[in-house]
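> Build me a structure from this.
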Amino acid sequence: MNFNARTKTVTEWNVGCERCHGPGSEHVRQGSAAGIVNPAKLDFVRANDTCIQCHSQGQPLTNPMFGQYYDWPVGFHQGGNLREYWKLEEHTPHKAGTPGSQCISCHMPKIETTIADVKVRTHTFAFISPAITDKYKIPNPCTSCHTDKSTAWATEALRHWPERSPWRLD
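This is a model prediction of the structure:
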């Protein structure tokens with residue numbers, strides 16, 4: 001949304017292109033990919049910051065800002081260092097730096113094969129639980145990664161995660 005806390009204005013309402021891909025003025029002006037941030041081409045910290053900026057529990061480092069409390073990292077722009085704006089509460093038992101610790105592993109799993117062997121990721125950001133796999137036959141991130149395990153195993157593993165949310169099991 002790119003909210004300016006001083007002027008109380010936004011560049012783009014809701015979750016638009018710029019939230020994940022940065023300012024698009026060069027893109028619009030040149031009609032090319034110039035100036036567009038591709039999270040897949042960033043280092044894993046900044047790539048994860050793309051998701052974490054909106055989809056995390058935490059608090060701004062400077063609150064209140066201009067006498068107002070905000071529940072998001074005001075001032076953060078794509079490609080920047082989120083740690084300069086946001087104190088994150090992590091919520092995965094996977095070790096840092098491993099594929100399982102990346103936001104996209106659980107929240108944007110590869111669910112469909114297109115041309116050749118190219119896999120397309122879901123863009124709902126909703127966690128697809130093992131129960132959803134059982135009910136609708138939609139691949140879930142747990143058993144898509146742990147291919148030797150069952151949905152029952154994944155459901156039981158999720159029950160033992162610290163700070164587990166009930167939505168992970170439904």
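
> All the helices of the chain, residue numbers only.
Secondary structure of the chain, counting by DSSP state H: helices at 17-21, 25-30, 44-52, 103-107, 130-136, 141-145, 151-159.

> Burial check on Asp122, number of neighbours?
Slight slip there: residue 122 is Thr, not Asp. Residue crowding around Thr122 was assessed by other CB atoms under 10 Å; the count is 17. The way it works is simple: take the backbone N, C-alpha and C, and place the C-beta from them, glycine included.

> What residues does the nearest residue to it once chain neighbours are set aside make contact with?
Spatial nearest neighbour of Thr122, excluding adjacent residues (CB to CB, 6 or more residues apart in numbering): Ile111 at 5.0 Å. When the contact criterion is CB atoms under 8 Å, 6 or more residues apart in numbering, the partners of Ile111 are Lys119, Val120, Arg121, Thr122, Ile128, Ile138, Pro139, Ser144.

> Tell me where the model's unsure across the chain.
When residues are selected by pLDDT under 70, those of the chain lie in 1-2, 63, 162-170.

> That one - how does it break down into domains?
The chain breaks down by automatic domain parsing into domains covering 3-89, 99-168.

> In space, what's closest to the residue nearest in space to the middle of the chain - neighbours in sequence excluded?
Most central residue of the chain, judged by C-alpha distance to the mean C-alpha position with CA atoms, centre = their mean, is Cys51 at 2.6 Å. Taking CB to CB, 6+ apart as the measure, Cys51 lies nearest to Cys103, with 3.7 Å between them; neighbours along the chain are not counted.

> so who does that neighbour touch?
Contacts of Cys103 (CB under 8 Å, 6+ apart): Asn48, Thr50, Cys51, Ile52, His55.

> Let's see that with 7 Å instead.
With contacts defined as CB atoms under 7 Å, 6 or more residues apart in numbering, the neighbours of Cys103 are Asn48, Cys51, Ile52.

> Export the residues you listed as TSV, with columns for distance to Thr151.
Conversion of those to TSV gives the following (distance: CB to CB, whole Å):
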residue	distance to Thr151
Asn48	26
Cys51	24
Ile52	27
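
> of all those, which comes closest to Leu61?
Top of the list for closeness to Leu61, among those and by CB to CB, is Ile52 at 14.0 Å.

> The closest one: how many residues sit nearby?
Tallying neighbours of Ile52 according to other CB under 10 Å, which is how burial is gauged here, yields 19.

> same question, the one 4 residues further on
Using other CB under 10 Å, Ser56 is surrounded by 19 other residues.
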